[in-house]
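A.B. asks: my questions are about this predicted structure, shown below with the sequence.
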Amino acid sequence: MLDAQFRAEAHLKDAVEAATPRFSPNDAGFAQRVFDKGLKPYLDRVTQYGFAGRGRVLDAGCGFGQWSLALALAGNQVDAVDIAANRVEFLTDVAGALRLPVRAALGGIDKMPFPDATFDAVFCYGVLFLTDWKRSVAELLRVLRPGGLLYCNANGFGWYKHLWHTGHNRTPDYDPALRAARTLLNTWNYHNGHPLEPGMDILVTPEELAAELAAHGGWHIRTDGEGLLGTPPPGAEFRPFFQKEYMGDLGVYEVLAEKAPATRQLRGNASCRIRNVADCRNA
């Protein structure tokens, strides 16, 4: 794995620069920020979450593929899906240049082409809340094998306050305050059965997400601020990418869960354990 990591880091910058011109200014800037510190922060993080050496792993909503590449470096065979063709092409090119076992395909996370119980682990970073998230939760757990590990995350209200007041990462084609306002409207639409704005955020609380996971066979559900679950690898430490709280409200939070063994699923979800939801909300 160390040889693969060294090779990947040595060629990453050139591979990313060669594949970036296909993007808009906002996406090009995002891609550069994603990879400016290499792959080690992502490799440390997937190791922290327990995703090393899992087997066949899905990166659901892969985006620019930083997590797919890290999951491959962590000793997995990786499938990746995303709805953006240019990002799928980008990841295919970069993974090919780095010689990593990643297969990227076009598709959404709310309806995937994989059979039931295909994956040993499913990783979904920064995507769930951009979809009909209840359908997506059901689909992520459908393709996960019993006993498999699931990671996902979402944004609390504090994140959107932060966007509104600070203009975080504003570009000519991205207005953070407008994003925050449209998120609130989209969330209202979601809860009231009105059409959704495609690709726009939906505000999801930790309690809502944990309950939906439990309803579809998730158990051992743990939540905390982004980057704070799991155990960092030797020599590393917790290094969140986002704050747990912004302006007095919940910021970005994450969830780790397992898919209950088949025998436990047959007995229902009464035994499902949920930990740290209140801590995540109130900290």
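C.D. replies: Here it is on my side, so go on.
A.B. asks: what's in contact with the lengthiest helix in the chain?
C.D. replies: Counting residues, the longest helix found in the chain (DSSP state H) is helix 2-19. Helix 2-19 is contacted by residues 31-32, 35, 38-40, 43, 69, 73, 89-90, 93-94, 97-100 when judged by C-beta atoms under 8 Å, 6 or more residues apart in numbering. Every C-beta, even on glycine, is put in place using the N, C-alpha and C of the backbone.
A.B. asks: so which of these sit within helices?
C.D. replies: Per DSSP H, the contacts of helix 2-19 map to helices at 31-32, 35, 40, 43, 69, 73, 89-90, 93-94, 97-98.
A.B. asks: now do the phi/psi pair for Asp224.
C.D. replies: phi -170, psi -180 (degrees, to the nearest 10).
A.B. asks: what about the helices in the stretch 101-250 of the chain?
C.D. replies: Under the criterion DSSP state H, counting those that start in this stretch, the stretch 101-250 of the chain contains helices at 133-142, 157-166, 176-191, 206-215.
A.B. asks: what's the most buried one of the ones you listed?
C.D. replies: Counting by mean count of other C-beta atoms under 10 Å, helix 133-142 has the highest mean neighbour count of the helices of the stretch 101-250 of the chain, with a mean of 21.
A.B. asks: among the contacts of helix 2-19, which ones are buried?
C.D. replies: Ala31, Phe35, Leu39, Leu43, Leu69, Leu73, Phe90, Asp93, Val94, Ala97, Leu98, Leu100 (16 or more other C-beta atoms under 10 Å).
A.B. asks: partner strands of the longest strand along the chain and their direction?
C.D. replies: Identified as the longest strand of the chain according to DSSP state E is strand 144-155. Sheet partners assigned to strand 144-155 using DSSP bridges are listed as strand 119-124 (parallel), strand 252-259 (antiparallel).
A.B. asks: so can I have TSV of those showing mean neighbour count, distance to His168 and mean pLDDT?
C.D. replies: Shown next, in TSV, are those (neighbours: other C-beta atoms under 10 Å; distance: least, C-beta to C-beta, whole Å; pLDDT from 0 to 100):
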stretch	mean neighbour count	distance to His168	mean pLDDT
strand 119-124	25	22	98
strand 252-259	26	12	98
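A.B. asks: do you know which of those strands lies nearest Asn155?
C.D. replies: Across the strands paired with strand 144-155, Asn155 has its closest neighbour in strand 252-259 (5.5 Å, C-beta to C-beta).
A.B. asks: about what we covered before: farthest pair within the ones in helices among the contacts of helix 2-19?
C.D. replies: Across the ones in helices among the contacts of helix 2-19 (C-beta to C-beta), the longest gap, 24.9 Å, separates Lys40 and Glu89.
A.B. asks: distance of Asp110 relative to Trp159?
C.D. replies: Going from Asp110 to Trp159 by C-beta to C-beta, to the nearest Å gives 22 Å.
A.B. asks: now do Ala15
C.D. replies: On the measure of C-beta to C-beta, Ala15 and Trp159 end up 31 Å apart.
A.B. asks: quick check: closest non-adjacent residue to the residue sitting nearest the centre point of the chain.
C.D. replies: The chain has Tyr125 as the residue nearest its centroid, 0.8 Å off, counting by C-alpha atoms, centre = their mean. Leaving out its chain neighbours, the residue that sits closest to Tyr125 by C-beta to C-beta, 6 or more residues apart in numbering is Trp67, at 5.4 Å.
A.B. asks: give the buried residues for whatever helix or strand that neighbour lives in.
C.D. replies: Using DSSP states H and E, Trp67 sits within helix 66-73. For helix 66-73, a neighbour-count test (16+ other C-beta under 10 Å) marks Gln66, Trp67, Ser68, Leu69, Ala70, Leu71, Ala72, Leu73 as buried.
A.B. asks: return the residues in contact with the residue nearest to Met200 when sequence neighbours are not counted.
C.D. replies: Take Met200 and drop its neighbours on the chain: the residue closest to it by C-beta to C-beta, 6+ apart is Asn186, 4.4 Å away. By C-beta under 8 Å, 6+ apart, the contact set of Asn186 is Leu196, Glu197, Met200, Asp201, Ile202.
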